[in-house]
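Asks: Here you go, sequence then predicted model.
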Protein chains: 4
Amino acid sequence: MTRLKCAILGATGMVGQRFVQLLEGHPYFEPILLAASEKREGQLYSDSVNWVIEGDVPGYARDMTLASLDANGISRALSPDVDGKSKRGAALAFSALPANIADQLETELAGKGVWVFSNASAHRMDANVPLLVPEVNADHLALLEGQTAPGKIVTNANCSATGLVLGLAPLKPFGIKRVIVTTYQALSGAGHTGVPSTDIMGNVIPYIAGEEEKMEEETRRILGTYEGGIVKGHPAEVMANCARVPVTDGHLEAVTVEFEGQVSRESIVDVFQTYNGPAEVAELPSAPATPVIFTKEEDRPQPKKDCWHGGKGRKAGMAVVVGRLEVKGNWARFFILSHNTVRGAAGGSLLNAELAHSKGLLGVNH
Amino acid sequence: MTRLKCAILGATGMVGQRFVQLLEGHPYFEPILLAASEKREGQLYSDSVNWVIEGDVPGYARDMTLASLDANGISRALSPDVDGKSKRGAALAFSALPANIADQLETELAGKGVWVFSNASAHRMDANVPLLVPEVNADHLALLEGQTAPGKIVTNANCSATGLVLGLAPLKPFGIKRVIVTTYQALSGAGHTGVPSTDIMGNVIPYIAGEEEKMEEETRRILGTYEGGIVKGHPAEVMANCARVPVTDGHLEAVTVEFEGQVSRESIVDVFQTYNGPAEVAELPSAPATPVIFTKEEDRPQPKKDCWHGGKGRKAGMAVVVGRLEVKGNWARFFILSHNTVRGAAGGSLLNAELAHSKGLLGVNH
Amino acid sequence: MTRLKCAILGATGMVGQRFVQLLEGHPYFEPILLAASEKREGQLYSDSVNWVIEGDVPGYARDMTLASLDANGISRALSPDVDGKSKRGAALAFSALPANIADQLETELAGKGVWVFSNASAHRMDANVPLLVPEVNADHLALLEGQTAPGKIVTNANCSATGLVLGLAPLKPFGIKRVIVTTYQALSGAGHTGVPSTDIMGNVIPYIAGEEEKMEEETRRILGTYEGGIVKGHPAEVMANCARVPVTDGHLEAVTVEFEGQVSRESIVDVFQTYNGPAEVAELPSAPATPVIFTKEEDRPQPKKDCWHGGKGRKAGMAVVVGRLEVKGNWARFFILSHNTVRGAAGGSLLNAELAHSKGLLGVNH
Amino acid sequence: MTRLKCAILGATGMVGQRFVQLLEGHPYFEPILLAASEKREGQLYSDSVNWVIEGDVPGYARDMTLASLDANGISRALSPDVDGKSKRGAALAFSALPANIADQLETELAGKGVWVFSNASAHRMDANVPLLVPEVNADHLALLEGQTAPGKIVTNANCSATGLVLGLAPLKPFGIKRVIVTTYQALSGAGHTGVPSTDIMGNVIPYIAGEEEKMEEETRRILGTYEGGIVKGHPAEVMANCARVPVTDGHLEAVTVEFEGQVSRESIVDVFQTYNGPAEVAELPSAPATPVIFTKEEDRPQPKKDCWHGGKGRKAGMAVVVGRLEVKGNWARFFILSHNTVRGAAGGSLLNAELAHSKGLLGVNH
């Protein structure tokens, strides 16, 4: 099968590196363009990137020449040649762009027929843009009908919201009334140079700009219902307290949930142990063997030990781990852990693209 | 003024070291006995202790000889000589004992007329034992009338509960209905060797044995009402999620409070900014200048930067810092930070003893 | 081919866990006995062990019942039944014992015909015991002729000395006169609970008991010459400064070498790039693809990034990485990194056993 | 006594903050100008600075308005008004500038009659510029005679070199032939945002740009001899291996010294215990009670515990601590610890200015 050609936008950052890593040898998609800030234009990827995640720069990417992230640069790099012989056109792009750049650029790309699977926050709350966590709300893809451009934009959620909704989705049948979530967020969530070591070593910083708002509104949207061309947010009240801790990878969250009525520990254990997304998702190349892993060990999940669950290869890091469950009356409490730059970023975006492709939505190479 | 003679039980541990440090040159109390595990009996304090807190072993303690913690050892060391001339008797003891040892030993000491100010959890929930945070519930001292032994036992709260009640006390007038608290607890709370470095470096451990239960029941008790010889717990529901983080000192807590009715940000800021304990407490040697410090900085309080507030000398570390306040409807959210081995342990115990002494409750040197 | 049965002594500690991990599915050896301290006797391995290294307890070990480490316990567990039908006897044992226990126990086992491959320091400097780093001094195995017991003892070097000799071996042809080495040693070298977090977080501890002496004497012995039934230590003067740093795995060492005469950078780069142990070693299952990896990157090797080189599976972590080379006059300076609990402990011991087995020295299952 | 007016250049960086802190209430010098990068011009210091060191922004500095660091900005801010009535002129400036800016700007200021005490490396090796560590080479001030500008430039050494020379100075009488030093350098040495947390957490980075060269050449210069208008470098060969470790403050160094002849442990202990700089230095406000503190504890000095020695107030952090001494033949080995942003930066510069002032070299307020 011919793989669809794809671009990676913001390819040198931490999430960009994950895209480069996870797309190595991908069965559906073939990266043909890596784009980064203008000053890197023309540099070899392996020379330009400061590779900070595990392993080495994948072989396929080493000698690729970086394109400039400005719209012209990408457009030039992505467009088919006039004579139609070019192999350069890409059917889709993965975006690890900063929100301020993503806003316009993603729209422009969609206007040119490129599908954009974006980790940026710019379009997440747009009425017609699916904010997708496939196991949870695959049906929200229907929002795409409202997008009129030839390419479409599909977003994945904020890294903390992703973990949260995967832990809440199994509980929806019990009637979620209120969610109080407090986070222990890893450094990689802020990017390679986001948190100076002198600030965070032996410390906790109880503030991440914009994070609490995102967790609150994105969670309600993802858990919401698609009806009549729009997504109606879930009625639960969500309150988030976000903090940065000196951990490299893995967002841990303490979740306290109020239900409409009384719940039993047994029933909650049961839904956590049996939860699976829709079958069409479970078969995707990046879908974890089990999206939610429930543990009864008294001191788990822990970021250092548990953030790579989900399977081997690109499935690794795609499952979340739930533990420390306590249930009483209308309330349940638990901790949830997710890999923030895999499940909560590049891996989530990739799973979204796989879903769209498996449903036959993506076009062909240009 | 003659200082009252006191003993420090468990003097070589981390909290014991704080007692030794805070009692140097204390205006009310003079340490005459340091007790530790049997194997250290007869050793010089400075030889035996592995001093792990800031600064050096105080001069007065260096050459004191350790007594054994078994009841006989302490009894022997504390008792007045038969001829009544001994200067060895102590009027009070500060206990940094493990709960399992504290249970019987503290009772025995009280039986011999020694007042025990204990950081141990053993007697905290006993009906007649004040669980005291002086700014919050000084009136609970009245419980002592129910203790029949010649000496009395007064306890301070668990390190995490102490910080929490200082943050909640100003809010009591608004009608606290429910409290969800999630902790980021420092390593020193587990003692010097409590957490192996290989477990916690770059990690978070979402479990501290017994901590959540203590926070829940102690908080309700401290915020409760003394009436007719007993303390009636506060009706608020308290739910605690506790985790250890790689921070040396300072317990940070994310607190979410539901009130009986709607509250305004202004009114809550106001009570935090104006809160003070009773005047009789404010004048004590270890009382912080302001027990609750409210900050509007967007990323504070932080353990590394904010855990030493309260004043100079033994007041340092006795204030808690509240920040990141968000208010909406019936709910308020904020972070609170307290120094866990000072305010939350030895300093708290010492403040309790100062209060008892200032009220003329403590006897005389034996 | 029938695998030789082996025991793992001290199987629940950090190095013991590595043995358990590396021996999973080993082509030569099959673990049939896991022994630990007496209090664990009879417990299932998976229940008893606090598994602290990456991954999970290997399936084969989960349900093995722990034997007691006292000589009787092991003897009982290892001995063939009187009727000769038992499958319990082991041909060899891997020892992760503390030195004080190893001394006598390893001797007793050898006396009973069991070959002991030991990571303990007890017998390393015994005249007839090979202190073996196969790529460097495979010929020292000849010392075994001097051991009269039916089983033999073979030791691997201290974790820091192992890395050092692998970096020095390629340089021997230039005439090593003096070595000054300063270490940055990982926490895992002290075992799971060896370094309390409150001591080492944000700190360096410039002392590791006995380490400097071991590095000095073991290095000279390993680099020494086998002649006439004894090993004559290398004449180089070795001076070691050892310190613990807050790193989980990977001992980094700054090595400064004085040579007998002038050396050129080119010639030293060349030996580092071309160094390989003897062919008989290179073919062993745990032998790294290249034992010494030379890097020209300006800021490498780094423990967090470089300690897993050597290949996949049980080869991973078996190579050392050399970088930051500076050469001037008679002197060369470089940094070297080795995985302390793999190459410097369990993996080293295993490679020793593989060498002995490939040379046909090991007997048969009892 | 009227205090001399001074400027602080680069006042918002980490070393700049130390200058601001140490100059609070200084008996000789009164800061009247704080200068920072152009974009901060006109901002209040307390609004502009991200204060990252212990304590709070000193009161005197809070409301000072930042001047721009370009030459015009400083010149304007420092110059006396034309009518001669201005109080704005400063007699001296403390420079925490980056080397590239310092080069020209410091020269210009000296040209205008301002004495510059610089922590920048730009002029350290200039033939006529004293590279001063007062206890060690106060006589090098004589180099100033070679500076023709009305103001003079005096530099302090690189943070690592400062610690090293204080440890070596007492040993000069034994004839130092060769020094091999390996560092464990703190994060604050790279400035507030110098080292991303994702790079250094749980890691060691064996590279600091330019540091090894500086340590080698500066050490020889400081230990050198002033003769006939020039400083002749010390003949010892110095080899430095520099690495960054996850420690906040305090550079630890493992020092190995070869002497011209044999030395005894006793004699070396003796010089370390009795070493003091010249009396004229010992009386300065920032001079430590004892510049070199020798410890016999087996595991000291440690950055977290020992970097604040020297006395109270601005003397704190001005002493170095030497320990772990081993002596054999012609060689001695020891660890030395110094506070890198106090003794090794702002405090060192300040001590230099105090020395110049006490010798009557500094002029008057302009």
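Replies: In hand now; what should we look at?
Asks: Close to chain C: what parts of chain A are there?
Replies: Counting by Cβ under 8 Å from any Cβ of the partner chain, chain A comes close to chain C at A:201-202. The C-beta positions use only the backbone N, C-alpha and C, and glycine is treated the same way.
Asks: Give me the average confidence score over stretch A:307-315.
Replies: Taken as a whole, stretch A:307-315 carries a mean pLDDT of 95.
Asks: end to end, how far does that stretch reach?
Replies: 12 Å (Cα to Cα, to the nearest Å).
Asks: Which residues outside it are in contact with it?
Replies: A:22, A:26, A:249-250, A:285-291, A:293, A:301, A:316-321, A:337-339, A:343, A:347, A:350 (Cβ atoms under 8 Å, 6 or more residues apart in numbering or on different chains).
Asks: redo that, cut-off 6 Å
Replies: For stretch A:307-315, the external contacting residues (Cβ atoms under 6 Å, 6 or more residues apart in numbering or on different chains) are A:22, A:249-250, A:286, A:288-289, A:293, A:316-319, A:321, A:337, A:339.
Asks: What of stretch A:12-23?
Replies: With contacts defined as Cβ under 6 Å, 6+ apart, stretch A:12-23 is touched by A:8, A:10-11, A:29, A:31, A:36, A:49, A:53, A:61, A:94, A:96, A:119, A:188, A:191-192, A:314, A:341, A:345-346, A:350.
Asks: repeat that for 7 Å
Replies: For stretch A:12-23, contacts defined as Cβ atoms under 7 Å, 6 or more residues apart in numbering or on different chains pick out A:8, A:10-11, A:29, A:31, A:36, A:40, A:48-49, A:51-53, A:55, A:58, A:61, A:94, A:96, A:119, A:188, A:191-192, A:314, A:341-342, A:345-347, A:350.
Asks: For chain C, what is the nearest residue in the stretch 151-300 of chain A?
Replies: residue A:202 (5.0 Å; Cβ to the nearest Cβ).
Asks: returning to that earlier point: give me the buried entries from the contacts of stretch A:12-23.
Replies: A:8, A:10-11, A:29, A:31, A:36, A:40, A:48-49, A:51-53, A:58, A:61, A:94, A:96, A:119, A:188, A:191-192, A:314, A:341-342, A:345-347, A:350 (16 or more other Cβ atoms under 10 Å in any protein chain shown).
Asks: Could you tell me which of those residues are located in strands?
Replies: Among those, the residues falling in strands (DSSP state E) are A:8, A:29, A:31, A:36, A:94.
Asks: Contact residues of the stretch 101-250 of chain A facing chain D?
Replies: Contact residues (Cβ under 7 Å from any Cβ of the partner chain) of the stretch 101-250 of chain A with chain D: A:187-188, A:192-193, A:195-198, A:200-201, A:246, A:248.
Asks: ranking these by neighbours, who comes first?
Replies: Greatest neighbour count in these, by other Cβ atoms under 10 Å in any protein chain shown, goes to residue A:246: 30 neighbours.
Asks: Now that that one has come up, it's in contact with residue A:200, right?
Replies: Yes - shown here, residue A:246 and residue A:200 form a contact pair, counting by Cβ atoms under 7 Å, at 5.0 Å.
Asks: what's the overlap in contacts for these two?
Replies: Counting by Cβ under 7 Å, 6+ apart, the shared contacts of residue A:246 and residue A:200 are A:187, D:197.
Asks: Contact partners for the closest residue in space to residue A:330 that isn't next to it in sequence?
Replies: Leaving aside its sequence neighbours, residue A:330 sits nearest to residue A:259 (Cβ to Cβ, 6 or more residues apart in numbering or on different chains; 5.0 Å). Applying Cβ under 7 Å, 6+ apart to residue A:259 gives the contacts A:174-177, A:330.
Asks: And the residue of the stretch 151-300 of chain A closest to chain C, how far from chain B?
Replies: As for residue A:202, its distance to chain B is 6 Å (criterion: Cβ to the nearest Cβ, to the nearest Å).
Asks: residues contacting that residue?
Replies: Counting by Cβ under 7 Å, 6+ apart, residue A:202 has contacts B:246-248, B:304, C:201-202.
Asks: between those, which is closest to chain A?
Replies: residue B:304 (3.9 Å).
Asks: all helices for chain A, in order.
Replies: Under the criterion DSSP state H, chain A carries helices at the ranges A:14-22, A:45-48, A:59-62, A:71-78, A:99-111, A:134-137, A:159-168, A:197-200, A:211-222, A:265-274, A:279-282, A:303-306, A:347-358.
Asks: just those helices: most buried one?
Replies: helix A:159-168 (a mean of 28; mean count of other Cβ atoms under 10 Å in any protein chain shown).
Asks: I'd like to know which elements it is packed against.
Replies: Helix A:159-168 sits against helix A:134-137, strand A:176-184, helix A:211-222, strand A:251-259, strand A:320-328, strand A:331-338, with contacts defined as 3 or more Cβ pairs under 7 Å, 6 or more residues apart in numbering or on different chains; DSSP states H and E.
Asks: Mind doing that once more with 6 Å?
Replies: helix A:211-222, strand A:251-259, strand A:320-328, strand A:331-338 (3 or more Cβ pairs under 6 Å, 6 or more residues apart in numbering or on different chains; DSSP states H and E).
Asks: what's the neighbour count on the closest residue to residue A:147 other than its chain neighbours?
Replies: Among residues not flanking residue A:147 along the chain, residue A:128 sits closest, at 5.0 Å (Cβ to Cβ, 6+ apart). Using other Cβ under 10 Å, residue A:128 has 16 other residues around it.
Asks: same question, residue A:313
Replies: 11.
Asks: repeat for the one 3 residues further on
Replies: The local packing of residue A:316 (other Cβ under 10 Å) involves 19 other residues.
Asks: Domain ranges for chain A, per the record?
Replies: Chain A breaks down into these domains under automatic domain parsing: A:4-158+A:346-358, A:159-339.
Asks: gap between the shortest one and the chain center?
Replies: This means domain A:4-158+A:346-358. Centroid displacement of domain A:4-158+A:346-358 relative to its chain, using Cα atoms, centre = their mean, to the nearest Å, is 12 Å.
Asks: how long is it end to end?
Replies: Note: domain A:4-158+A:346-358 ends 12 Å apart using Cα to Cα.
Asks: Do me a favour and average the pLDDT over that domain.
Replies: On average, domain A:4-158+A:346-358 scores 92.
Asks: Next: stretch A:248-258.
Replies: For stretch A:248-258, mean pLDDT rounds to 98.
Asks: Same check on stretch A:283-293?
Replies: If you average the pLDDT values across stretch A:283-293, you get 97.
Asks: Next: stretch A:187-198.
Replies: 95.
Asks: so does that stretch get close to chain B?
Replies: No - Stretch A:187-198 stays clear of chain B (Cβ under 6 Å from any Cβ of the partner chain), getting no nearer than 9.2 Å.
Asks: which residues sit against that stretch?
Replies: Outside stretch A:187-198, the residues that touch it by Cβ under 6 Å, 6+ apart are A:13-14, A:52, A:159, A:248-249, A:340-341, D:187, D:192-193, D:195-198, D:200.
Asks: about what we covered before: once you drop chain neighbours, what's closest to the residue of the stretch 151-300 of chain A closest to chain C?
Replies: Excluding the flanking residues, the one nearest residue A:202 by Cβ to Cβ, 6+ apart is residue C:202, at 5.0 Å.
Asks: Then residue A:156?
Replies: Of all residues beyond its chain neighbours, the one nearest residue A:156 is residue A:348 (3.8 Å), with distances taken as Cβ to Cβ, 6+ apart.
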